[in-house]
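A.B. asks: turn this into a model:
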Amino acid sequence: MDDTSAPVPLSREQMDKFLEAIKVPFKEHEDERRRSLEISAGFFEKLAALDAATIALAASIILAIVFKPELRADFTHPILHKIFTVLIFLWCSFVLAILHNALIAIIAHLEAAYSETEFVWALMKESLSATKENVGGLTDEQVGQVEDTLRAQIHPKQRRLIAVKTFLYPTVKVVGGLSILTFLAAYTLIPYFLHKLW
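C.D. replies: Down below sits the predicted model:
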């Protein structure tokens, strides 16, 4: 019994037509994704700067408390403990914001590498087409075999780049979310501790 339900692979012409049809929407999608990452990187750059400034301010408060000999230890210990708690959250937010932007830089590098493979592929296809037109004796089948060989070399690299990017996009969101949460936790603790102290 013949199995007619087995999928038939696309021919080279069908694959080229399909890739051409999705090229513009894919580029628009990638542009929007890139713009979103740029906006996100700018936000987390400011968040890291705010974290660093607050950490510096907290450090100066700690030094002022420590070098005031007239303050009693039973009074300063709880204050220092509360400041250190806030500092831990701020430090986590700072590190996560930097990690977020480092991951975005890695994604940008991967996109550049993917773009390079696309350029190499386009260059090879055009070179093959020009060679076929200018050199006699080459058949469509021979050119197609060379294209298939080149495609087999380029596509695994593209698949690897896409796989890493696919993993990094949600990772960036999680790291960014954690950075914001730890920042909000730090700034929520400040009024809470002030209320407890007074």
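
A.B. asks: chain center to the longest helix along the chain: distance?
C.D. replies: Identified as the longest helix of the chain according to DSSP state H is helix 73-134. For helix 73-134, the distance from its own C-alpha centre to the chain's C-alpha centre is 5 Å (Cα atoms, centre = their mean, to the nearest Å).

A.B. asks: by contact count, what packs against it?
C.D. replies: Identification of packing neighbours for helix 73-134 by 3 or more Cβ pairs under 8 Å, 6 or more residues apart in numbering; DSSP states H and E yields helix 12-66, helix 140-197. Every C-beta, even on glycine, is put in place using the N, C-alpha and C of the backbone.

A.B. asks: nearest to residue 85 among those would be which one?
C.D. replies: Between residue 85 and the helices and strands packed on helix 73-134, the shortest separation by Cβ to Cβ is 6.3 Å, and it involves helix 140-197.

A.B. asks: give me the distance from that closest one to the chain's centre.
C.D. replies: Helix 140-197 sits 4 Å away from the centroid of its parent chain (Cα atoms, centre = their mean).

A.B. asks: okay, the angle between it and helix 12-66?
C.D. replies: Regarding helix 140-197 and helix 12-66, their directions subtend 20 degrees when assessed with axes from the mean of the first three to the mean of the last three Cα atoms, to 10 degrees.
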